[in-house]
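1. After the sequence you'll find the predicted model.
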Amino acid sequence: MRIGELAALAGVTTRTVRHYHHLGLLPEPRRRANGYRVYGLRDAIALARVRRLAELGLGLDEVRDVIADDAGRELHEVLAELDADLARQEEVIRERRARLAGLLRQAEEGGLPAEGPVSEGLAALFGEMARTSAALPGPEPAMAVREREFLTLLETVAMPEEAERMLALFRTAMTGTPGAMERVYETYALLDALVDAEPDDPRVDEAARVLAEALPDEIVAGMRAQEGINGATGMTGKATGAREAAFMEAFFADFAPAQAEAVRRAITTIEERLR
């Protein structure tokens, strides 16, 4: 058989056959006087075996190891390792499909937020914000949009357990008591009004006071437990790493000067409550 005939028989391309020769997966056959390779049945059997192993998902280096082993022990070990790897991939796929199913449900119910994709829990919180905003006069405060972006960022970069804990704290702050969401939106409006103000504007103190008061006792207890601050519009803590310091620097830089000052004063008030 010529190389093209061998390739057609095994269901691969001639380029693949040449590549397998180059990698040592197939032995070089004898050649005719004109230099053409001549293949026999044993070559077809060897090529078919390489193809079967590759189709199982083995890397070509692993295929070479399997072929080089005489006792078959290497094949069993490699196949067991491949099976375990496929099981891990299946679990990842199941988790991704479950998340996609939740997002599809959100979309079908008209609740897929512009900041998405987010978890179902965060989408529900965003839905509460949308309903509150719709009931208030005027356009939604810009600070509310920033809040959703901030929460989406936290959910994305935090570990799953931490993200869930953070979401629970925010939900408590924003929906845990009657009128809580309305008070949060009052804070948003006060902060929006400071966008062009100076840090010493008298309204800064009022915004800081309302922001600090928007946090219920449950949030304060949670903050004491974690030695940090987490609020409806801000977060700080005893950051010891460069990552935390960089995050807080970027967090405050995203505010106008008077807004940042209001958040800092609110944090100071909350820290005093924690002592």
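-> That came through, no problem.
2. okay, CA-based contacts and neighbour counts for the rest of this
-> Noted.
3. Give me the most central residue, the chain.
-> T156 (4.7 Å; CA atoms, centre = their mean).
4. Would you map the helices across this protein?
-> Taking DSSP state H, the helices of the chain run over residues 3-10, 14-23, 41-55, 60-68, 73-108, 120-135, 142-157, 160-175, 180-192, 203-213, 217-226, 242-253, 257-274.
5. Who are the contact partners of D192?
-> With contact taken as CA atoms under 8 Å, 6 or more residues apart in numbering, D192 is in contact with P141, A142, M143, Q259.
6. What is the burial count for the last one?
-> In this case it means Q259. Residues within reach of Q259, counting by other CA atoms under 10 Å, total 27.
7. Any figure for the gap between it and M143?
-> 10 Å (CA to CA, to the nearest Å).
8. So for the two, which residues contact both of them?
-> When contacts are counted by CA under 8 Å, 6+ apart, the set common to Q259 and M143 consists of L191, D192.
9. Show me the shaky parts of this protein.
-> For the chain, the stretches flagged by pLDDT under 70 are 69-75, 106-116, 215-248.
10. A48 contacts A10, correct?
-> Yes. Judged on CA atoms under 8 Å, A48 makes contact with A10 at a distance of 5.7 Å.
11. How much space separates Q89 from R96?
-> Distance, Q89 to R96, using CA to CA: 11 Å.
12. now swap in T132 and tell me
-> Distance of T132 to R96, computed by CA to CA: 31 Å.
13. ok, R203 - contacts?
-> Applying CA under 8 Å, 6+ apart to R203 gives the contacts L190, L194.
14. List phi and psi for the residue lying closest to A258 once chain neighbours are set aside.
-> Taking CA to CA, 6 or more residues apart in numbering, and ignoring the residues beside it in sequence, A258 has P199 as its nearest neighbour in space, at 4.0 Å. Dihedral angles of P199 (phi, psi; degrees, to the nearest 10) stand at phi -60, psi -20.
15. Equivalent analysis for T177, please.
-> According to degrees, to the nearest 10, T177 has phi -130, psi 160.
16. dump the residue contacts of it.
-> T177 neighbours (CA under 8 Å, 6+ apart): none.
17. Could you report the distance from it to P137?
-> 22 Å.
18. D192 and A68, how far apart?
-> Distance from D192 to A68, by CA to CA: 71 Å.
19. same check, this time on T187
-> T187 sits 71 Å away from A68, taking CA to CA as the criterion.
20. repeat for I3
-> Distance, I3 to A68, by CA to CA: 23 Å.
21. State the phi and psi torsions of R30.
-> phi -70, psi 160.
22. could you list every residue that touches it?
-> R30 neighbours (CA under 8 Å, 6+ apart): R37, V38, Y39.
23. same thing with G35?
-> So G35 contacts nothing (CA under 8 Å, 6+ apart).
24. Kindly report the same for the one 10 residues further on.
-> For I45, the set of contacting residues under the criterion of CA under 8 Å, 6+ apart is empty.
25. now it: how far from E5?
-> 13 Å.
26. Pull the number of nearby residues for the residue lying closest to A262 once chain neighbours are set aside.
-> In this structure, A262 finds its nearest non-sequential neighbour in A208, 4.7 Å apart by CA to CA, 6+ apart. Neighbour count for A208, taken as other CA under 10 Å: 25.
27. Over to D254?
-> Applying other CA under 10 Å, I find that D254 has 12 neighbouring residues.
28. again, but for E77
-> For E77, using other CA under 10 Å, the count is 12.
29. R51 now?
-> 18.
30. Can you give the domain ranges for this protein?
-> 3-68, 142-274 (automatic domain parsing).
31. highest average neighbour count across the ones you listed?
-> Of these, the one with the most neighbours on average (mean count of other CA atoms under 10 Å) is domain 142-274, at a mean of 17.
32. How far does it sit from its chain's centre?
-> The gap between the average C-alpha position of domain 142-274 and the chain average comes to 22 Å, counting by CA atoms, centre = their mean, to the nearest Å.
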